[in-house]
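Q: Okay, predicted coordinates and the sequence, questions at the end:
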Amino acid sequence: MIENWLNEEYDKFIEKTSFLDSKMIPIKLHLRGIVEYFLAKTPHSYNSTVNWFWIASSINSVDFDGIRYDCAFSMCRPAYEYEKEKQKLHIRLINELTSFLYVYSGFESFLNDLSLPCCASKNGKINSATFFLKENYSNNFNSIPLYSKLLCTFRELIKKSFLVKYERYFSIDNCTDINGVGLKVVYKIRNKLAHGDYRFPEPVDWSFELPLEPEITKIATRILLLSTQMLLISTNAGQFEELELYNSEIIEEDDEGEWIVNEFKFLNTFHLSSLKNDSRQLSLF
């Protein structure tokens with residue numbers, strides 16, 4: 001009975017995250033969109049930030065074989081089934097973690113370029129970023145589409161995982177409002193990884209905890225990308241222009257064979273799959 005309940009819970013969360021994924025373009029394309037924006041905005045500055053995001057968008061998969069040196073794999077049928085399921089789970093997680101860590105490095109490189117003012121009550125680049133969003137994004141713009149839904153799902157997943165104690169970071173403070181909360185939690189998860197305090201999950205039928213870490217990591221990557229878009233919007237507020245992308249993978253070329261977009265509309269909506277990547281929808285003022 002417990003196993004059935006866990007499987008039902010697990011399937012419910014997988015369905016929920018899959019639904020969110022269906023509302024957005026794939027993460028690789030999401031990354032390419034940010035790269036295309038940087039290259040259109042500053043064509044002569046192929047900097048470190050672009051490299052991090054470009055490499056992350058170009059990783060197709062990570063080769064991982066967790067069974068090769070495991071002599072227990074063929075000892076009995078239960079061992080075989082366990083190792084097979086753990087291998088599948090860890091392959092998913094390692095691929096998501098690899099993408100996440102490259103994107104996180106690109107995000108910090110981006111913050112280095114911005115040199116945002118510090119929040120008075122807390123030091124650090126992430127606190128500066130959440131404070132800047134609070135003061136300059138939230139006061140002038142609506143939350144970027146799907147950010148709130150991602151944040152709610154992110155919190156639900158964390159409550160059901162070994163990261164449950166991090167739920168307390170879903171809170172506002174002097175440096176953070178709703179548009180920076182996700183970034184604050186992602187920062188805590190990244191530190192857990194960097195400090196060797198991360199725990200790899202067990203397959204759903206071999207543990208009383210739900211193995212939601214791949215889904216949590218994927219949403220963490222999305223939050224970094226949406227936070228990048230919000231920062232770009234708020235740093236360019238009042239100076240938006242038409243941008244010409246080069247050979248875009250995100251939008252279709254127009255009748256003149258060009259990829260011209262309105263800067264604000266592109267940054268605010270290009271991640272949505274419902275847009276169908278039509279340049280005409282991104283070029284109207």
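A: That came in fine, so what should we check first?

Q: Show the subsequent helix or strand relative to the longest helix belonging to the chain.
A: The helix that spans the most residues within the chain, counting by DSSP state H, is helix 77-114. Toward the C-terminus, helix 77-114 is succeeded by helix 125-132 as the next helix or strand (DSSP states H and E).

Q: Quick check: next helix or strand after that following helix?
A: helix 147-159.

Q: show me where the stretch 151-285 of the chain has strands.
A: For the stretch 151-285 of the chain, strands defined by DSSP state E, counting those that start in this stretch occupy the ranges 242-245, 259-262.

Q: and the angle from the longest helix of the chain to helix 125-132?
A: Relative orientation of helix 77-114 and helix 125-132, computed by axes from the mean of the first three to the mean of the last three CA atoms, to 10 degrees: 60 degrees.

Q: tell me what helix 77-114 is packed against?
A: Applying 3 or more CB pairs under 8 Å, 6 or more residues apart in numbering; DSSP states H and E, we find helix 77-114 packed against helix 48-58, helix 125-132, helix 178-194, helix 213-235. The C-beta positions use only the backbone N, C-alpha and C, and glycine is treated the same way.

Q: do that again at 6 Å, thanks
A: Packing partners of helix 77-114 (3 or more CB pairs under 6 Å, 6 or more residues apart in numbering; DSSP states H and E): helix 48-58, helix 213-235.

Q: Could you list the buried residues of that helix?
A: 82-83, 85-87, 89-111 (16 or more other CB atoms under 10 Å).

Q: residues near the closest residue to Val186 other than its chain neighbours, how many?
A: Nearest non-adjacent residue to Val186, counting by CB to CB, 6 or more residues apart in numbering: Ala220, 4.7 Å away. Residues near Ala220, counting by other CB atoms under 10 Å, number 26.

Q: Kindly report the same for the one 5 residues further on.
A: A total of 21 residues lie near Leu225 under the criterion other CB under 10 Å.

Q: Could you pull up the residues touching it?
A: His30 (CB atoms under 6 Å, 6 or more residues apart in numbering).

Q: again, but for the one 5 residues further on
A: With contact set as CB under 6 Å, 6+ apart, Met230 has these partners: 133, 137, 144.

Q: try 8 Å this time
A: 133, 137, 141, 144, 147, 179 (CB atoms under 8 Å, 6 or more residues apart in numbering).

Q: For the fourth one, give its distance to Phe100.
A: Spelled out, it's Ile144. Going from Ile144 to Phe100 by CB to CB, to the nearest Å gives 19 Å.

Q: Then the fifth one?
A: If you measure Tyr147 against Phe100 using CB to CB, the figure is 17 Å.

Q: what does the last one give?
A: Asn179 sits 20 Å away from Phe100 when distances are taken as CB to CB.

Q: for the strands of the stretch 151-285 of the chain, which one ends up most surrounded?
A: strand 259-262 (a mean of 22; mean count of other CB atoms under 10 Å).

Q: looking at this structure, which helix or strand does the model trust least?
A: Least confident helix or strand of the chain, by mean pLDDT, DSSP states H and E, is helix 2-22 with a mean of 82.
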